[in-house]
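# A predicted structure for the sequence below; I have some questions about it.
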Amino acid sequence: MDKKQSLELCAALSNAKGAPGFEDEVLTVLRRYGEGLGSFQEDHMRNLYLSRKENKGGRPMVQLDAHTDEVAFIVQAIKPNGTLRFTTLGGWVNSNIPAHRVWVQTKDGGYIPGVTASKPPHFMSEVERKAPPAVEDMSIDIGASSAQEVIQDFQVRMAAPVVPDVTFEYREKHDLMFGKAFDCRLGCASILGVLDALKGRDLKVDVTGAFAVQEEMGTRGAAVTANRVKPDLAIVFEGCPADDTVAEPYMVQTAIRKGPMLRHIDARMITNPRFQRYALDLAEELGIPVQESVRTGGATNGAPIHLSNQGVPVIVIGIPVRYIHTHYGIAAHSDVANAVKLAVAILERLDQRQIDAF
C-alpha cells in the first residue's frame, strides 16, 4: 500500500459514520479495502475479524486491534418544538459540543444534517451565561418545527445515532491530516496497512486483525474479540491524545510528527515491560521514530485484551492526534506510516520462543 492508497483509506474511514453500536459504514469500508488480504468474519456485536490467508494454524496467534467507533451522540427524546434532546456516546467536554454540524440517522438508515444548538446569549440570564454548559440544556436542530414533523417528514426516531459532520482533508506540504474519528480510524487503517505489507510473506506466527466496536463505551467490543481470537500476544493501535499543544515542554510525550507513542502505563493497564522494551529497542535499532509515555488516565482495548485467557502480552502503538474527542482532529500521516513499519518489524521477528520471553 503506497502513500496515496493509505491516504485514500484514512479518508474513507474517517468520513464513515460510526457511532458506538452503529459502526456499519466503517465495516463496509474495511471490507472493501481489505479485500484480498484474508478472510472476514463478524460476530453478533459486529466486531469484524480479518485473518491472514497465510495463517496455517498450530502457531502462536497475534491479535492486531483497533476500534471502529467514534465519540458521538444519540437522540434521547423529541421535543414538542421539533428539536432533539440528546445524550453523549463516549467522553466529551461539554463546551466543545455546541455550534457544530452533525449527521443524524433517519429511519431508513440514511443521514440528514443538523446543528448542535444551545440558547443564544441574547436570551440568557447573567447566571446562565456564567454557568458551565450542560448537555441537557442543548439540543440538535434539524430544521423541524414540531415533534410530528420530526417523525413523519424528517423520519428521525428516538435512539437515532448522531455523528460529527466533518470531511477529511490532507495538506501535502506539512503532511497533515484533518478530520473526525481519527480515534481510532487511523488505527483501523494501520491494521490494513500491516496486513498489506505482509501479504504473501511467511511468518512464524498467525495474525488476525480484530476491529472492535464500542471502545468508547468502555472497551466492550474487545472483551469479545479477545475471547474469540484467543491471542498469545496482541498489538493495539490507538488514536492517542497529542499533548504537544497543552503540556509544558518537558512533559510532552505524544507530539505529532515524532512517531507513534508506546505507553508504559495508563489507568487500566501496565504494559508488559518485556514486550514494551523489545518494541522500543527494535524501533531504535531500525531507526523508526517512536515516543514513550507514562499516562495517569485514559485506557485502550489493551485493558480487556491483556486480562483475557491466561493473560496476554500487549503493547499499544498510539498515533498522536490533536484534539481527539472533539469534532476535529489533526494528525501526521508519517506517524501512521511509522506505526505500520514498527508493527511489521515486530511480526517479522516473532516466534514462540520470543513470545515466551515476554
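Noted; the coordinates are in hand. Numbering: from 1, shown residues only.
# what are the ranges of the strands in the stretch 201-350 of the chain?
206-212, 233-241, 261-265, 291-294, 314-321, 329-332 (DSSP state E, counting those that start in this stretch).
# JSON lines please, covering those and showing mean neighbour count and mean pLDDT.
Backbone N, C-alpha and C define where each C-beta goes, glycine included. JSON lines is the format used below for those (neighbours: other CB atoms under 10 Å; pLDDT from 0 to 100):
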{"stretch": "strand 206-212", "mean neighbour count": "27", "mean pLDDT": "98"}
{"stretch": "strand 233-241", "mean neighbour count": "27", "mean pLDDT": "98"}
{"stretch": "strand 261-265", "mean neighbour count": "21", "mean pLDDT": "98"}
{"stretch": "strand 291-294", "mean neighbour count": "17", "mean pLDDT": "98"}
{"stretch": "strand 314-321", "mean neighbour count": "29", "mean pLDDT": "98"}
{"stretch": "strand 329-332", "mean neighbour count": "24", "mean pLDDT": "98"}
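# Any chance of those in JSON lines with distance to Met138 as columns?
Converted to JSON lines, the strands of the stretch 201-350 of the chain look like this (distance: least, CB to CB, whole Å):
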{"stretch": "strand 206-212", "distance to Met138": "29"}
{"stretch": "strand 233-241", "distance to Met138": "23"}
{"stretch": "strand 261-265", "distance to Met138": "33"}
{"stretch": "strand 291-294", "distance to Met138": "33"}
{"stretch": "strand 314-321", "distance to Met138": "25"}
{"stretch": "strand 329-332", "distance to Met138": "22"}
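# between those strands, which gets nearest to Gln352?
strand 233-241 (10.2 Å; CB to CB).
# For the closest one, name the packing helices and strands.
In terms of contacts (3 or more CB pairs under 8 Å, 6 or more residues apart in numbering; DSSP states H and E), strand 233-241 is packed against strand 61-67, helix 182-197, helix 302-306, strand 314-321, helix 333-349.
# Partner strands of that strand, with direction?
With DSSP bridges as the test, strand 233-241 is paired with strand 61-67 (parallel), strand 314-321 (parallel).
# what angle sits between it and strand 261-265?
Here strand 233-241 runs at an angle of 110 degrees relative to strand 261-265 (axes from the mean of the first three to the mean of the last three CA atoms, to 10 degrees).
# Figure out which of the strands of the stretch 201-350 of the chain is closest to Phe168.
strand 329-332 (9.9 Å).
# tell me what the closest one is packed against?
Using 3+ CB pairs under 8 Å, 6+ apart, strand 329-332 is in contact with strand 176-179, helix 182-197, strand 314-321.
# what does it contact?
175-183, 186, 239, 242, 256-257, 319-323 (CB atoms under 8 Å, 6 or more residues apart in numbering).
# how far away is the closest residue to Leu262 other than its chain neighbours from Gln276?
Spatially, and ignoring its direct neighbours in sequence, Leu262 is nearest to Glu292 (5.2 Å; CB to CB, 6 or more residues apart in numbering). Distance from Glu292 to Gln276, counting by CB to CB, to the nearest Å: 8 Å.
# any shared contact partners between the two?
What both Glu292 and Gln276 touch, as defined by CB under 8 Å, 6+ apart, is the set Leu262, His264.
# Show me the residue at the heart of this structure, geometrically.
Of all residues in the chain, the one closest to the mean position by CA atoms, centre = their mean is Cys184, 1.4 Å from it.
# Show me which positions of the least confident helix or strand in the chain by mean pLDDT end up buried.
Ranking every helix and strand in the chain by mean pLDDT, DSSP states H and E puts helix 126-130 at the bottom, with a mean of 83. Going by neighbour count (16 or more other CB atoms under 10 Å), nothing in helix 126-130 comes out as buried.
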